[in-house]
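Novice: coordinates for the following, if possible.
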Amino acid sequence: MNLSWLIDGRRDDTPPGDALVFELWKKHGQEEYSVRTHYMVQTLDQMRNTTPLSLANPPERVLVFVPGCSGANSSCRWDAFNGVVETGTK
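Specialist: Numbers count the residues shown, from 1 in each chain. Here you go, the predicted structure:
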C-alpha cells in the first residue's frame, strides 16, 4: 500500500508490539463508509523504561496517509480504499 509514518522520531520503524489500525466509519444518515488508518507503537522511552501502557499512558498514535485515496482529514472513501488494497495485492 506504500504507507509511511513518522512517530517518536522514527520513520517507518516497525518494532515488536506495533499496530496498523484501520477504522471503518459511517456518518449518521449517510450510506457511504470511510476508512481512517493509524499507526500505534510504544515510544522508545516506554520501551526502555518498561512502562506499562494504560489509558493514562497510551502508546503513540499517528494518522497514516494512504496514497491514492486519503483526503484532507486522512480518511478514504471505502470504494477508493478497497481499490488501493486490491491494486496493491496484485
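
Novice: please count neighbours and contacts with C-alpha atoms only from this point.
Specialist: Will do.

Novice: phi first, then psi, for the residue nearest to the spatial centre of the chain.
Specialist: Nearest to the centroid of the C-alpha atoms of the chain, with distances taken as CA atoms, centre = their mean, sits residue 38, at 1.6 Å. Backbone geometry at residue 38, expressed as degrees, to the nearest 10, gives phi -130, psi 160.

Novice: excluding its backbone neighbours, what's nearest it?
Specialist: residue 63 (4.4 Å; CA to CA, 6 or more residues apart in numbering).

Novice: and the one you found, what does it touch?
Specialist: If a contact means CA atoms under 8 Å, 6 or more residues apart in numbering, then residue 63 has 36, 37, 38, 39, 74 as its contacts.

Novice: on that earlier part again, what about the residue nearest to the centre of the chain, distance to residue 54?
Specialist: Separation of residue 38 from residue 54 (CA to CA, to the nearest Å) stands at 18 Å.

Novice: which outside residues touch the helix ranked longest in the chain?
Specialist: Scanning the chain for the longest helix, with DSSP state H as the assignment, gives helix 78-88. With contact meaning CA under 8 Å, 6+ apart, helix 78-88 is reached by 1, 32, 33, 34, 35, 68, 69.

Novice: run a quick neighbour tally on the first one.
Specialist: If you count neighbours by other CA atoms under 10 Å, residue 1 ends up with 13.

Novice: hey, where'd the strands end up in this protein?
Specialist: 6-7, 10-11, 19-26, 33-41, 60-63, 75-77 (DSSP state E).

Novice: beta-bridge partners for residue 11, please?
Specialist: residue 6 (DSSP bridges).

Novice: who wins for most neighbours among the contacts of helix 78-88?
Specialist: residue 35 (22 neighbours).

Novice: contacts only, for it.
Specialist: The contact partners of residue 35, by CA under 8 Å, 6+ apart, come to 22, 23, 24, 25, 75, 76, 77, 78, 81.

Novice: so which of the residues you listed is the most crowded?
Specialist: residue 76 (25 neighbours).

Novice: skip the chain neighbours and tell me the closest residue to it.
Specialist: residue 70 (4.6 Å).

Novice: quick one: low-confidence ranges for this structure?
Specialist: 89-90 (pLDDT under 70).
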